[in-house]
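A.B. asks: Have a look; sequence and predicted model below, questions after that.
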Amino acid sequence: MDRFVLRLDNAKKAIDDADYIVIGAGAGLSAAAGIEYSGKRFTDNFKDFIDKYSMTDMYSSGFYPFKTSEEKWAYWARHIDINRFQVGKTGLYQKLLKLVENKDYFIITTNVEHQFWINGFEDERIFATQGDYGLFQCSEACHDELYYNEEQIKSMLENTVDCKIPSELVPKCPRCGAEMETNLRKDNLFVEDANWHDANGRYKNFLDNVGDAKVVFLELGVGYNTPVIIRYPFEQWTYDNENATLIRLNRDFPGAIKENESKTISFDEDMDEIFDYWLSRIF
């Protein structure tokens, strides 16, 4: 039998036999779903910013040292709109939902595009630990309330001229007057609101319930940007639980640590192809 098919079958059997599925989702999942931060998607949507600032991709552009808030928010409004509000449902996330919808699953994700909610995964089963493009917070973290930002983002987009927004549209904290910031974990001022803490608690409770039961850690597109959130814990928990299987889908870093080689099924092939095969085996 072809080794790829053998890996696919072994992984599908592990998923079918598992009492619990813990999904860890990183940037590679969203990229595979079409939410790419470089290439044609970037050049088609940011030509004016590329011409003015010599930007090369959406990821590195997020760290660009804009001289004014008006320039910064012109860029970020478009970035947020394209990745959070324009995308809608995506085929790959829909396939993942179909794969696990009848299993006892939980998701931890470092992605911030809100795709799990948009595609219909249960809110009670998701922990987006790094924030959400659709939320603003006080840049000084003077309080822990978050603010849905779609209306403000659309207003910025409609009023962008020469890669700038009007000064009156720069978002300000309603309590202290400081500039607002997107709710993304980048420093110690990241706001963890009540919903964040509730989701974190549900995730910990789910892991406690797993115990030594049959569990699959399904790791999707998780690299080494923030490995302490998903990749390293998944490896540790796989090692600790004799009934655990780690299924790792990763284009660049699919390999297992030596201690878990016998308990890990790795793929560097196309995620769509993998999900299509697994779904074809659902009867």
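C.D. replies: Sure thing, it's come through. Residues are numbered from 1 along each chain as shown.
A.B. asks: Next, count neighbours for the closest residue to residue 267 other than its chain neighbours.
C.D. replies: Among residues not flanking residue 267 along the chain, residue 249 sits closest, at 4.8 Å (Cβ to Cβ, 6 or more residues apart in numbering). Every C-beta, even on glycine, is put in place using the N, C-alpha and C of the backbone. Residue 249 is flanked by 23 other residues according to other Cβ atoms under 10 Å.
A.B. asks: For residue 249, list each beta-bridge partner.
C.D. replies: residue 220, residue 267 (DSSP bridges).
A.B. asks: can you check residue 138 too?
C.D. replies: residue 180.
A.B. asks: pLDDT score for it?
C.D. replies: On the pLDDT scale, residue 138 is placed at 98.
A.B. asks: what's the spacing between it and residue 171?
C.D. replies: 10 Å (Cβ to Cβ, to the nearest Å).
A.B. asks: Overlap of the contact sets of these two?
C.D. replies: Common contacts of residue 138 and residue 171, defined by Cβ atoms under 8 Å, 6 or more residues apart in numbering, comprise residue 180.
A.B. asks: Look up phi and psi at the closest residue to residue 109 other than its chain neighbours.
C.D. replies: Using Cβ to Cβ, 6+ apart and skipping residues adjacent in sequence, the residue nearest residue 109 is residue 25, 4.0 Å away. Main-chain torsions, residue 25, degrees, to the nearest 10: phi -120, psi 130.
A.B. asks: quick one, what contacts residue 25?
C.D. replies: 107-111, 116, 220-222, 230.
A.B. asks: Residue 139 contacts residue 173, doesn't it?
C.D. replies: Yes: counting by Cβ atoms under 8 Å, residue 139 does reach residue 173; the two are 7.2 Å apart.
A.B. asks: Identify the contacts common to the two.
C.D. replies: With Cβ under 8 Å, 6+ apart as the test, residue 139 and residue 173 both reach 179-180.
A.B. asks: where does the stretch 151-283 of the chain have low pLDDT?
C.D. replies: Flagging of the stretch 151-283 of the chain using pLDDT under 70 yields the residue ranges 283.
A.B. asks: And the helices in it?
C.D. replies: 194-210, 231-240, 271-280 (DSSP state H, counting those that start in this stretch).
A.B. asks: residues in contact with the first one?
C.D. replies: When contacts are defined by Cβ under 8 Å, 6+ apart, helix 194-210 is touched by residues 19-20, 22, 106, 108, 124-129, 144, 146, 192, 237, 241.
A.B. asks: rerun at 6 Å
C.D. replies: 20, 106, 108, 127 (Cβ atoms under 6 Å, 6 or more residues apart in numbering).
A.B. asks: got the buried residues for it?
C.D. replies: Neighbour-count burial for helix 194-210, counted by 16 or more other Cβ atoms under 10 Å, picks out 196, 199, 202-203, 206-207, 210.
A.B. asks: angle of that helix against helix 231-240?
C.D. replies: 20 degrees (axes from the mean of the first three to the mean of the last three Cα atoms, to 10 degrees).
A.B. asks: ok now helix 194-210, how far from the chain's centre?
C.D. replies: 17 Å (Cα atoms, centre = their mean, to the nearest Å).
A.B. asks: which residue packs closest to the most centrally placed residue in the chain, ignoring adjacent ones?
C.D. replies: Taking Cα atoms, centre = their mean, the centroid of the chain lies closest to residue 111, which sits 1.5 Å from it. In space, and not counting its chain neighbours, residue 111 is closest to residue 30: 5.2 Å by Cβ to Cβ, 6+ apart.
A.B. asks: before we move on, what about residue 103?
C.D. replies: In space, residue 103 is closest to residue 21, 4.9 Å off (Cβ to Cβ, 6+ apart).
A.B. asks: Likewise for residue 181?
C.D. replies: Per Cβ to Cβ, 6+ apart, closest to residue 181 is residue 139, 4.0 Å.
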